[in-house]
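Student: predicted structure and sequence below. I'll ask about it afterward.
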Amino acid sequence: MSVALRAQLLLCLISLSTRTGFTRYIEENDAADGLYSLLTLAQKRESEGFIFRRPLRCLDMLATEGYFTFVASRPQLACAAFIIAEPSEVISLELSDVSIDCSAGDFIKIFDGWVLKGEKFPSSYDHPLLPHERYTDYCSSTAPTVASRSSQNVAMIFFRIHSPDSGFSLTVKKLHNPLPCNIMSQSPEGSFTMVIPHQRRNCSFSIIYPVEIRLTDLSLGEAKSNEIHPLKQMWSGCSGSGDFVELLGGNGVDTSKMFPVADLCFSSSGLAQMKIGCDNSVVRLVSSGNYINRVTFQYRLLDQNELPKTRENSLDNFCTVE
């Protein structure tokens, strides 16, 4: 993913959704609604039973719960809404008031995760469902309402509508997830703990920024060594141990296509840190299912003078390791 696209989707749109959602809501409603002040609207939102409402755009980012309505003013043939929640939440989506013509080529599809530039997050290797099971297709459903629940803190909806005045409504709710796995971070700075309790699965924490990552605590099933292994070339590293943590870097969101920059297959309470000058930096915990595995880490955005200088015809033109 390019820096420009990352900034557009994950910085500008999230910022708009979280910081100016109230303003947009007032501007896009009629004069009577415009009489409400921001303070009044905020108080209503906090009161029991209030549902945040606003129109849905063809390309949108949703970071709040609410009721979103799309009505086509002209043919809209390539639309998508990206939904993101907090790391410890999953997303519930429900379609209603749908008025589209599936026989004319209209469609609405919900995806469990994100698709950006043809790459999926979470990767097919890390997601509990098969690729085709991650899609919920309105036109293929016989149920009166179509609903879906994500497996992680991101989801999205694709739609194509040919006829003006056709559209649908989307209800977004966030639910607590006691064991978060495969998280897309909303922030370039923070800390997190991933835990996999006796489950054979892989969990990734994706940060779509160049960052410094500090591993502050690591508990794995079997201690293999006491050294961090920077991967200067593609090699197996800790992968044979069955339980390990790897740091990945790349310019996309699919972890299976990213460059492994370091791995650890030992328990440690000491500090290990690494700067990853990539568009996307990932902490990935791999578990055999035989143990309770846990990793705690902190991350911060790299300063401009810490970013790598570009070098043509090399992976280093977007990623470097220190």
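Tutor: Nice, thanks for sending it over. Because the structure is a prediction, the values reported are computed rather than measured.
Student: show me this structure divided up by domain.
Tutor: If you go by automatic domain parsing, the domain ranges for the chain are 3-43+50-176, 185-317.
Student: mind putting the ones you listed into JSON lines with mean pLDDT and mean neighbour count?
Tutor: Yep, even glycine has a C-beta here, placed from its N, CA and C like the rest. Output for these, formatted as JSON lines (pLDDT from 0 to 100; neighbours: other C-beta atoms under 10 Å):
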{"stretch": "domain 3-43+50-176", "mean pLDDT": "82", "mean neighbour count": "16"}
{"stretch": "domain 185-317", "mean pLDDT": "82", "mean neighbour count": "18"}
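Student: which residues does the closest residue to G167 other than its chain neighbours contact?
Tutor: Nearest residue to G167 in three dimensions, chain neighbours excluded: V71, at 4.0 Å (C-beta to C-beta, 6 or more residues apart in numbering). Taking C-beta atoms under 8 Å, 6 or more residues apart in numbering, we find V71 in contact with P55, D165, S166, G167.
Student: now do P131
Tutor: K120, S124.
Student: gap between it and G113?
Tutor: 10 Å (C-beta to C-beta, to the nearest Å).
Student: need the overlap of contacts for these two.
Tutor: Common neighbours of P131 and G113, counting by C-beta under 8 Å, 6+ apart, are K120.
Student: do a quick rundown of the helices in the chain.
Tutor: 3-6, 13-19, 21-27, 38-46 (DSSP state H).
Student: next one: the residue nearest to G167 from S169, what distance?
Tutor: Where S169 is concerned, V71 sits at a distance of 10 Å (C-beta to C-beta).
Student: ok, the residue minimising distance to the centre of the chain - contacts?
Tutor: By C-alpha atoms, centre = their mean, the chain has its centre lying nearest to M184, at 3.5 Å. Contacts of M184 were listed using C-beta under 8 Å, 6+ apart, and they are I84, W114, F121, Q152, N153, V154, S206, I208.
Student: OK, contacts around the second one?
Tutor: It stands for W114. By C-beta under 8 Å, 6+ apart, the contact set of W114 is F82, K120, F121, V154, A155, M156, M184, V253.
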